[in-house]
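Q: the amino acid sequence is not available; the structure is as follows:
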Ligand SMILES: O=C(O)C(=O)C[C@H](O)[C@H](O)CO
Ligand SMILES: [Mg+2]
């Protein structure tokens with residue numbers, strides 16, 4: 001069996017997605033997500049100019065060998081652009097393997113470890129009351145886990161809070177929007193949000209929060225401690241993860257579980273955090289961390305240290321990535337939770353898929369392969385539109401972490 005051609009499809013049904021499609025000499029094709037929010041075209045070039053020429057003529061069944069070829073062969077290892085491109089190839093090859101075998105990909109990964117995949121939805125509101133109202137809607141829809149983000153009094157905008165409560169899209173402008181940040185105001189409001197939410201939503205629902213890299217370690221320790229009475233499921237990205245010693249300091253001050261890793265691109269970003277048991281959930285995901293093949297290695301390593309997975313699943317990860325993530329999630333022993341921000345109906349139409357939501361879980365598709373496709377005619381109706389993630393400044397104008 002041989003790869004005969006491959007192409008990259010860019011479409012913007014409300015937001016940009018980059019999809020790789022690999023064709024074989026036996027008429028079977030596979031697709032993979034290559035979307036890197038705000039930097040989409042760099043991955044398109046990486047794939048078209050540097051990866052696709054090396055794929056032609058190769059046996060698509062040799063997934064691991066092709067992965068190593070692209071990773072070691074590039075000489076320049078890791079990094080989000082390289083790893084998103086490798087991820088797309090890996091996903092597409094697993095899709096092909098499943099189609100040839102006549103099996104959903106999770107069967108090739110060892111089969112089911114569970115029935116449904118618990119997901120968390122996003123409740124965001126401009127005020128505490130508003131956020132709780134939205135969270136009640138999620139609870140009514142059957143969600144067992146809800147992420148809470150609310151507006152910060154005195155700040156015009158906050159990470160995770162949008163005008164449209166159900167579809168949060170941070171990449172909102174063709175040049176970066178500038179947000180303004182105050183740690184002090186934020187630290188005052190979040191414990192109040194969690195107190196009110198626990199009271200209103202009851203004991204059982206899991207509550208999550210994303211700090212989005214905005215605190216120092218000692219501030220994160222304090223926020224984690226302030227949230228402990230409300231038993232959060234996790235506090236995500238409380239600090240930036242470049243200096244991983246940061247997490248030692250947080251751990252000394254709080255038992256709130258810590259999640260990190262949505263911007264990680266390989267096991268080397270996560271290894272020290274995992275083996276030193278400085279985190280509880282690893283959020284690396286299929287599209288940015290080397291595809292199913294590499295994420296399996298990260299999860300197996302994490303399993304040794306009681307670290308569970310919590311894959312990134314924001315709307316900038318396409319339904320192709322979501323489908324792949326679900327095959328991974330359903331098969332591994334140390335699954336924790338899966339993020340699920342629903343895509344818009346336009347996106348779902350461009351990417352018809354077999355996974356579905358049922359009583360707080362996503363159910364994986366039983367169709368051979370990944371169980372997701374791309375409608376290329378429809379995709380062509382939505383041309384690429386430049387869109388950037390925002391930047392963040394402190395109130396005195398200092399550039400800060402977004
Ligand atoms: O979903 C999350 O947890 C995020 O932090 C969303 C990110 O800001 C978004 O995916 C960036 O592209
Ligand atoms: Mg996040």
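A: Received it, and whenever you're ready, just let me know what you need. Just so we're clear, the structure is a prediction, and the values are computed from it rather than from any experiment. Residues are numbered from 1 along each chain as shown. Ligands and ions are numbered 1, 2, ... in the order given.
Q: low-confidence regions, the stretch 251-400 of the chain specifically.
A: Residues of the stretch 251-400 of the chain meeting the criterion pLDDT under 70: none.
Q: in space, what's closest to the residue of it found nearest ligand 1 - neighbours in sequence excluded?
A: Here the stretch 251-400 of the chain gets closest to ligand 1 at one residue, residue 314, 3.3 Å apart by Cβ to the nearest ligand atom. C-beta: built from backbone N, CA, C; applies to glycine. Ranked by Cβ to Cβ, 6 or more residues apart in numbering and with sequence neighbours excluded, the top spatial neighbour of residue 314 is residue 341, at 5.3 Å.
Q: wait, isn't the one you found in contact with residue 122?
A: Yes. If you go by Cβ atoms under 8 Å, residue 341 and residue 122 touch, sitting 5.5 Å apart.
Q: which neighbours do those two share?
A: When contacts are counted by Cβ atoms under 8 Å, 6 or more residues apart in numbering, residue 341 and residue 122 have residue 168 as shared neighbours.
Q: identify the residues contacting the host helix or strand of residue 357?
A: Here residue 357 sits within strand 356-358, counting by DSSP states H and E. Outside strand 356-358, the residues that touch it by Cβ under 8 Å, 6+ apart are 116, 119, 142, 340, 342, 362, 363.
Q: farthest pair in those residues?
A: The distance between the two most remote of the contacts of strand 356-358 (Cβ to Cβ) is 16.4 Å, for 116 and 342.
Q: that older thread, which helix or strand lies directly C-terminal to the strand holding residue 357?
A: strand 361-363.
Q: list the pairing partners of that following strand within its sheet, with orientation.
A: strand 117-125 (antiparallel), strand 356-358 (antiparallel) (DSSP bridges).
Q: out of those, which gets nearest to residue 307?
A: strand 117-125 (16.8 Å).
Q: comparing residue 341 and residue 122, which shows the higher neighbour count?
A: Set side by side, residue 341 and residue 122 show more neighbours around residue 122, with 27 against 20, by other Cβ atoms under 10 Å.
Q: wait, the more buried one sits on residue 143?
A: No. Using Cβ under 8 Å as the test, residue 122 is too far from residue 143 to be in contact (9.8 Å).
Q: separation between the residue nearest to residue 314 and residue 272?
A: Distance of residue 341 to residue 272, computed by Cβ to Cβ, to the nearest Å: 29 Å.
Q: ok, residue 357 next?
A: According to Cβ to Cβ, residue 357 stands 36 Å off from residue 272.
Q: what's the domain layout of this protein?
A: 3-104, 108-366 (automatic domain parsing).
Q: arrange those domains in JSON lines, one row each, with distance to residue 381 as further columns.
A: Shown next, in JSON lines, are these (distance: least, Cβ to Cβ, whole Å):
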{"stretch": "domain 3-104", "distance to residue 381": "8"}
{"stretch": "domain 108-366", "distance to residue 381": "9"}
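Q: quick revisit: and the residue nearest to residue 314, that's in a strand?
A: No. Under DSSP: H, G, I helix; E, B strand; the rest coil, residue 341 falls outside any strand and is assigned coil.
Q: now do the contacts for it.
A: Residue 341 neighbours (Cβ under 8 Å, 6+ apart): 121, 122, 167, 168, 313, 314, 315.
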